[in-house]
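Colleague: sequence plus the predicted model coming up.
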Amino acid sequence: MNNLLKATAGGLAGACVLTLLHETVRRLVPDAPRMDVLGMRSISKLMLAAGEEPPRDQQELHSWALVGDVISNSVFYTLAGTGKDAWWRGALLGAAAGAGAVYLPGPLGLGEEPSNKTTKTQVMTVGYYLMGGLVAAAVGYALSDDED
């Protein structure tokens, strides 16, 4: 298996863990980050800007947001790569994504509350993305050859 395929497997694993974590904890913790809400807002905003009508059905829009999150985060986390250096790359990517998820939604016109509601929400947001980066790194590392 080549390194790009291995890194992609790691990226997909990190993205799936991130999405599973978000979707589970948001049902249990009142101040949990709501990245699904940001995803739904992003899709609606982009579709409207393109002259298209976003799905009216909130469940359908939510499903689109989850699929978009998994795809975009998979591509991003693939950058963690393989080998022993995947660990620092995955940690850096995860921390950067978490910080971006806290600080960028407001300036992008998506609202601040879903990822910035409380300090607890902010810490959880960064922690989730860091976890995703570390999972991507762990899988990339585990799949790497000895010479990586």
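Modeller: Sure thing, it's come through.
Colleague: find the nearest non-adjacent residue to residue 141, please.
Modeller: residue 86 (4.9 Å; C-beta to C-beta, 6 or more residues apart in numbering). For glycine as for every other residue, the C-beta is placed from the backbone atoms N, C-alpha and C.
Colleague: show the pLDDT at residue 5.
Modeller: As predicted, residue 5 sits at a pLDDT of 94.
Colleague: quick one: residues contacting the residue nearest to residue 141.
Modeller: By C-beta atoms under 8 Å, 6 or more residues apart in numbering, the contact list for residue 86 reads 7, 10, 80, 136-137, 140-141, 144.
Colleague: got it, and residue 124?
Modeller: Residues counted as contacts of residue 124 (C-beta under 8 Å, 6+ apart) are 25, 29, 31-33.
Colleague: thinking again about what came up before, quick one, which of the contacts of residue 86 are buried?
Modeller: Among the contacts of residue 86, the ones that count as buried by 16 or more other C-beta atoms under 10 Å are 7, 10, 80, 136-137, 140-141, 144.
Colleague: surely residue 106 and residue 116 touch.
Modeller: Yes: contact status for residue 106 versus residue 116: in contact at 7.0 Å, counting by C-beta atoms under 8 Å.
Colleague: more neighbours, these two?
Modeller: residue 116 (17 against 13; other C-beta atoms under 10 Å).
Colleague: how about residue 77, what does it touch?
Modeller: 10-12, 14-15, 90, 93-94, 132-133, 136.
Colleague: correction: the previous question concerned residue 143.
Modeller: Contacts of residue 143 by C-beta under 8 Å, 6+ apart are 1, 6, 9-10, 82.
Colleague: hmm, try it at 10 Å
Modeller: Applying C-beta atoms under 10 Å, 6 or more residues apart in numbering to residue 143 gives the contacts 1, 3, 5-7, 9-10, 13, 82-83, 86.
Colleague: cool, residue 61 as well?
Modeller: With contact set as C-beta under 10 Å, 6+ apart, residue 61 has these partners: 36, 39-41, 43-44, 47, 54-55.
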